[in-house]
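> take a look and give me a structure for this.
(one chain, ligands or ions: 1)
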Amino acid sequence: MADATIDTTGTVEGTSEGETGVRRRDFIEIAAVSAAGVGGLAVLYPLISQMAPSKDVLAESTTEIDLSAIETGQAIKAVFRKQPVFVRNLTEREIAEADAVPLSALRDPQTLEERTKEGRTNWLITMGVCTHLGCVPLGAAEGENRGEYGGYFCPCHGSHYDTAARIRKGPAPLNLEVPEYEFTSDTTVVLG
Ligand code: FES
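Got it, this is the predicted structure:
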């Protein structure tokens, strides 16, 4: 077969008439696909660059908490990814109360040990968001109502959480969520 060349208008030279129509159509299709490819990439890049998390979002994705000022029996409220987090330093008695509850008595069965880090059962870190409809339960601040089970109490519709922040009474279906976190020292945790 003779070599064929294509000029800028899409005219094919050096081919027989029968081939010309086919080759010309191929060229138009190739040109159209190429244009679509370039257009696709041009659209894709801004999308990808928009999807990449900004520095603000990356900074917000972890939260460091200093535990050194939280005495036994105290709790603090912190903010993690724009939501409240409760950090409680449980007393021996609160730990014993949580451990004494049989799993069969729990709506969302979990031991305190499963909800804390090994060797640090006194540090109970949970989201401060009721699992019913998302209110912020009471109990983290000094003097607040801690409910019938000594943990947290959600006044919106009356959910009671125990000393391991497990749901014990009221409409909430689940325990207060334990976020992902790690101890980076004996007195520092990083959430996220
Ligand atoms: S939102 Fe907490 S009990 Fe309804």
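
> need the contact list for residue 136.
Counting by CB atoms under 8 Å, 6 or more residues apart in numbering, residue 136 makes contact with 84, 128, 129, 130, 154. Using the backbone N, CA and C atoms, a C-beta is placed for each residue, glycine as well.

> among those residues, which one sits closest to residue 170?
residue 154 (6.9 Å; CB to CB).

> what about the closest one, distance to residue 179?
Look at residue 154 and residue 179: by CB to CB, to the nearest Å, they are 18 Å apart.

> who has more neighbours, these two?
residue 154 (28 against 16; other CB atoms under 10 Å).

> and that one, bridged to which residues?
Counting by DSSP bridges, residue 154 is bridged to residue 159.

> isn't it right next to residue 169, touching?
No. Using CB atoms under 8 Å, residue 154 is not in contact with residue 169; the gap is 10.5 Å.

> residues bridging contact with the two, i.e. touching both?
Shared contacts of residue 154 and residue 169 (CB under 8 Å, 6+ apart): residue 160.

> against the ligand, how distant is residue 136?
Distance of residue 136 to the ligand, given as CB to the nearest ligand atom, to the nearest Å: 9 Å.

> ok so that residue is a strand residue?
No. Membership of residue 136 in a strand is not supported by DSSP: H, G, I helix; E, B strand; the rest coil, which gives coil.

> roughly how far does it sit from residue 153?
Plainly put, residue 136 is 11 Å away from residue 153 if you go by CB to CB.
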